[in-house]
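J.: only the shape, not the letters, is given here:
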């Protein structure tokens, strides 16, 4: 009867290799997001409102953009024009928007040195602004 030790060693090494390199299915988190209950914050007159639609399209002060490049250049211009007054940046997003466009916007704002933005959330009839 042949010695099976070497074969078992190879099988276990292959098993360990497969377990470590196999793609694990992404786990989706079911989130029950907290409701906004803080009092609303004052919105400045020179506030720049950035919107993200359900389809991931961006807008600035209700002006929609077809591509990220158009949006990015328009937002740079808007921020540079109002840089002396330190404009308030409000981010509004559809409740069904994926997280990717929001992350893309947050990364871009970080690259531009804009550390703080406000997120507009709604609770029933009230709108609240939350600081990021």
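T.: Yep, it's here. Because the structure is predicted, anything quoted here is derived from the model rather than measured. Numbers count the residues shown, from 1 in each chain.
J.: next, the contact list for the closest residue in space to residue 66 that isn't next to it in sequence, please.
T.: Nearest residue to residue 66 in three dimensions, chain neighbours excluded: residue 57, at 7.5 Å (C-beta to C-beta, 6 or more residues apart in numbering). The C-beta positions use only the backbone N, C-alpha and C, and glycine is treated the same way. By C-beta atoms under 8 Å, 6 or more residues apart in numbering, the contact list for residue 57 reads 64, 65, 66.
J.: same question for residue 62.
T.: 49, 51.
J.: distance of it from residue 119?
T.: Using C-beta to C-beta, to the nearest Å, residue 62 is found at 17 Å from residue 119.
J.: same question, residue 74
T.: 20 Å.
J.: where along this structure do the strands fall?
T.: For the chain, applying DSSP state E gives strands covering 48-52, 58-60, 63-64, 89-93, 118-123, 126-131.
J.: in this protein, which spans are helices?
T.: 5-21, 68-81, 99-111 (DSSP state H).
J.: can you list those in a markdown table and add mean neighbour count and mean pLDDT?
T.: As requested, the helices of the chain are arranged in a markdown table below (neighbours: other C-beta atoms under 10 Å; pLDDT from 0 to 100):
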| stretch | mean neighbour count | mean pLDDT |
| --- | --- | --- |
| helix 5-21 | 9 | 89 |
| helix 68-81 | 14 | 87 |
| helix 99-111 | 14 | 84 |
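J.: tell me who's in contact with the residue lying closest to residue 56 once chain neighbours are set aside.
T.: Nearest residue to residue 56, sequence neighbours excluded (C-beta to C-beta, 6+ apart): residue 101, at 4.3 Å. The contact partners of residue 101, by C-beta under 8 Å, 6+ apart, come to 52, 56, 58, 93.
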